[in-house]
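> Dropping the sequence and predicted coords here.
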Amino acid sequence: MPNRNLNSDELKCANELLTDIRARLTSLAAGDPALLFAYRRKVVKELGYDERGKPVARAKLKVLKWGIQNGKCAHCGEELSLKYSELDRKNAVDGYIAENTELVHAKCHQERQAAKRYT
Ligand SMILES: [Zn+2]
């Protein structure tokens with residue numbers, strides 16, 4: 001399923017929110033570039049967690065999926081190193097849960113993502 005995109009009104013709202021957030025970050029940092037960097041990094045990290053979950057949870061999910069898939073890539077069926085494996089979400093909005101993910105090689109993940117862009 002393709003990811004939902006914002007329509008023009010929603011995009012305008014998102015850009016206004018972004019302008020507000022940038023102004024707030026600049027105000028909080030009070031001219032300290034290192035503090036602005038730290039605030040910005042914290043916000044980016046937390047918003048990333050909102051979408052992707054925390055790294056520990058994804059690491060546990062990878063171990064679970066690796067076991068379920070008998071150490072094989074869900075895309076090509078070849079042996080898969082857990083260390084270099086990646087979770088591929090079937091439907092991005094449904095997040096990193098067992099029912100919505102498959103463990104694949106990085107190169108297979110890239111192939112899948114490229115194929116999705118052309119469908
Ligand atoms: Zn593969």
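Yes, it's here. Numbering: from 1, shown residues only.
> got the domain boundaries for the protein?
Using automatic domain parsing, the domains assigned to the chain come out as 8-52, 55-117.
> Work out which residue lies at the spatial centre of the protein.
Among the residues of the chain, the one closest to the centroid is residue 52, at 4.6 Å (CA atoms, centre = their mean).
> How about that one, nearest residue that isn't a chain neighbour?
Residue nearest to residue 52 in three dimensions, not counting chain neighbours: residue 96, with 6.3 Å by CB to CB, 6 or more residues apart in numbering. In short, each C-beta sits where N, CA and C put it, glycine included.
> list the contacts for the one you found?
52, 53, 57, 58, 61, 87, 89 (CB atoms under 8 Å, 6 or more residues apart in numbering).
> now, the most widely separated pair of these?
Maximum pairwise distance in the contacts of residue 96, criterion CB to CB, is 13.6 Å, between 57 and 89.
> picking that back up, how close does the residue nearest to the centre of the chain get to the ion?
Shown here: residue 52 relative to the ion, a distance of 21 Å by CB to the ion, to the nearest Å.
> how about that residue, phi and psi?
Per-residue torsions, residue 52: phi -110, psi -10 (degrees, to the nearest 10).
> correct me, but it touches residue 58?
Yes: in this structure, residue 52 is within contact of residue 58 by CB atoms under 8 Å, at 7.0 Å.
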